[in-house]
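# Following is a predicted model, sequence given first.
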Amino acid sequence: NAGVMQNPRHLVRRRGQEARLRCSPMKGHSHVYWYRQLPEEGLKFMVYLQKENIIDESGMPKERFSAEFPKEGPSILRIQQVVRGDSAAYFCASSPRDRGASTTTEAFFGQGTRLTVV
Amino acid sequence: KQEVTQIPAALSVPEGENLVLNCSFTDSAIYNLQWFRQDPGKGLTSLLLIQSSQREQTSGRLNASLDKSSGRSTLYIAASQPGDSATYLCAGSGSRLTFGEGTQLTVNP
């Protein structure tokens, strides 16, 4: 089991460009969570998705950010018209089921994508 | 809304010491609590998961306890080693993990 795979590991974008971050969950996991870690800050929840469904996007900025988890392929976090304040590490986690449905459900994290906006 | 606090923010100890990291949370209706380790520039490694019905979990030199009534969890590291140097994060709640700010641990040789 290769674990949660995120790519790219590092991404540099100029202001105004689009950033696409990919996350392939662990085999057998159908629940994906995205988190953002700003420099010198903690991890903040962004969005929780299941295949083809957004379950909780309460942590997503209202504009420029979107996420999807299609039936086939990785989950994508998309940031349009990036600004310097978007520079951060973006982490993806996966679990085999809803963490809120079972006390035994553990979340596993990828290595993150470090986005730098210049 | 769940809030998680970790104390201390940073800790520096000599090699071989036993140490305790503290985590407190405001909402006792958590499903489970996970402790993670994060190395600089890296992702998060899950260390221990404590179910809400459990009081503690052990893995090697690590022991984590959970007291829902007081809203606290502790991570005990025995016989610390320089390789234990990292940031330790606790996270709880249900579908969406709520993280503390972490404790940055340095173990000096």
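All right, it came through fine. Numbers count the residues shown, from 1 in each chain, chains lettered A, B, ... in the order given.

# which residues does the closest residue to A:Phe109 other than its chain neighbours contact?
Nearest residue to A:Phe109 in three dimensions, chain neighbours excluded: B:Leu44, at 4.0 Å (Cβ to Cβ, 6 or more residues apart in numbering or on different chains). C-betas here are computed from N, CA, C, even on glycine. Listed by Cβ atoms under 8 Å, 6 or more residues apart in numbering or on different chains, the contact partners of B:Leu44 are A:43, A:91, A:93, A:109, B:36-38, B:89.

# Tell me the most packed of these, by neighbour count.
A:Ala93 (28 neighbours; other Cβ atoms under 10 Å in any protein chain shown).

# Go ahead and confirm that one touches A:Ala107.
Yes. Using Cβ atoms under 8 Å, A:Ala93 makes contact with A:Ala107 at a distance of 4.4 Å.

# any residues touching stretch A:6-16, and which ones?
A:19, A:21-24, A:81-84, A:90-92, A:110-118, B:43.

# First-to-last residue distance for it?
Terminal residues of stretch A:6-16 lie 23 Å apart, using Cα to Cα, to the nearest Å.

# in that stretch, what's buried?
A:6, A:11, A:13 (16 or more other Cβ atoms under 10 Å in any protein chain shown).

# Show me which residues of chain A sit near chain B.
A:4, A:6, A:33, A:35, A:41-45, A:48, A:55-56, A:58-59, A:91, A:93, A:98-100, A:102-112, A:114 (Cβ under 8 Å from any Cβ of the partner chain).

# ok, B:Arg37 to B:Tyr31 distance?
In this view, B:Arg37 and B:Tyr31 are 21 Å apart by Cβ to Cβ, to the nearest Å.

# cool, and A:Gly16?
As judged by Cβ to Cβ, A:Gly16 and B:Tyr31 stand 41 Å apart.

# pLDDT below threshold where in chain A?
A:1, A:98-104 (pLDDT under 70).

# Pull the contacting residues for the residue nearest the centre of chain A.
Closest to where the C-alpha atoms of chain A average out (Cα atoms, centre = their mean) is A:Trp34, at 3.1 Å. By Cβ under 8 Å, 6+ apart, the contact set of A:Trp34 is A:23, A:45-47, A:49, A:67, A:75, A:77, A:90-93.

# Take the residues you listed and lay them out in TSV including secondary structure.
Formatted as TSV, the contacts of A:Trp34 follow (DSSP: H, G, I helix; E, B strand; the rest coil):
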residue	secondary structure
A:Cys23	strand
A:Phe45	strand
A:Met46	strand
A:Val47	strand
A:Leu49	strand
A:Ala67	strand
A:Ser75	strand
A:Leu77	strand
A:Tyr90	strand
A:Phe91	strand
A:Cys92	strand
A:Ala93	strand
